[in-house]
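Colleague: task: produce atomic coordinates for the following.
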Amino acid sequence: MKKITEKDIQQSIADAIQYISYYHPEDFVKGMVEAYEKEKSEAAKNAIGQILI
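Modeller: You can find the predicted model right below:
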């Protein structure tokens, strides 16, 4: 039986954060597109655009 180490836990968390920072559910992306299209502030629109990219 393999012992779960602190490094294993750290790597698992890092992998999960990496995954969620790149892959978003379809409903999230659709919501962000809607927000982008409605946004009036250019700065906010640019921020949303960066998230979508």
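
Colleague: for Ile4, see how far away the spatially most central residue of the chain is.
Modeller: In the chain, the residue lying closest to the centroid (C-alpha atoms, centre = their mean) is Ser21, at 3.3 Å. Distance of Ser21 to Ile4, computed by C-beta to C-beta, to the nearest Å: 24 Å. No exception for glycine: its C-beta is placed from N, CA and C like everyone else's.

Colleague: now the residue nearest to the centre of the chain: which helix or strand?
Modeller: helix 6-22 (DSSP states H and E).

Colleague: how far out from the middle of the chain is that helix?
Modeller: When C-alpha coordinates are averaged (C-alpha atoms, centre = their mean, to the nearest Å), helix 6-22 and its chain have centres 13 Å apart.

Colleague: same for the helix or strand just after that helix, what does it pack against?
Modeller: Next helix or strand after helix 6-22 toward the C-terminus (DSSP H and E): helix 26-38. Using 3 or more C-beta pairs under 8 Å, 6 or more residues apart in numbering; DSSP states H and E, the elements in contact with helix 26-38 are helix 42-52.

Colleague: quick check: angle from the helix it packs on to helix 26-38?
Modeller: 160 degrees (axes from the mean of the first three to the mean of the last three C-alpha atoms, to 10 degrees).

Colleague: pLDDT of helix 42-52, averaged?
Modeller: The average pLDDT for helix 42-52 rounds to 94.

Colleague: next one: stretch 7-19
Modeller: Here the average pLDDT along stretch 7-19 is 95.

Colleague: who's in contact with Leu52?
Modeller: Residues in contact with Leu52 (C-beta atoms under 8 Å, 6 or more residues apart in numbering) are Val29, Met32, Val33, Tyr36.

Colleague: just confirm the second one contacts Ile51, I think it does.
Modeller: Yes: under the contact definition of C-beta atoms under 8 Å, Met32 touches Ile51, with a separation of 6.0 Å.

Colleague: and the two? which has more neighbours close in?
Modeller: Met32 (15 against 12; other C-beta atoms under 10 Å).

Colleague: what pLDDT does the more buried one get?
Modeller: Confidence score, pLDDT, at Met32: 94.
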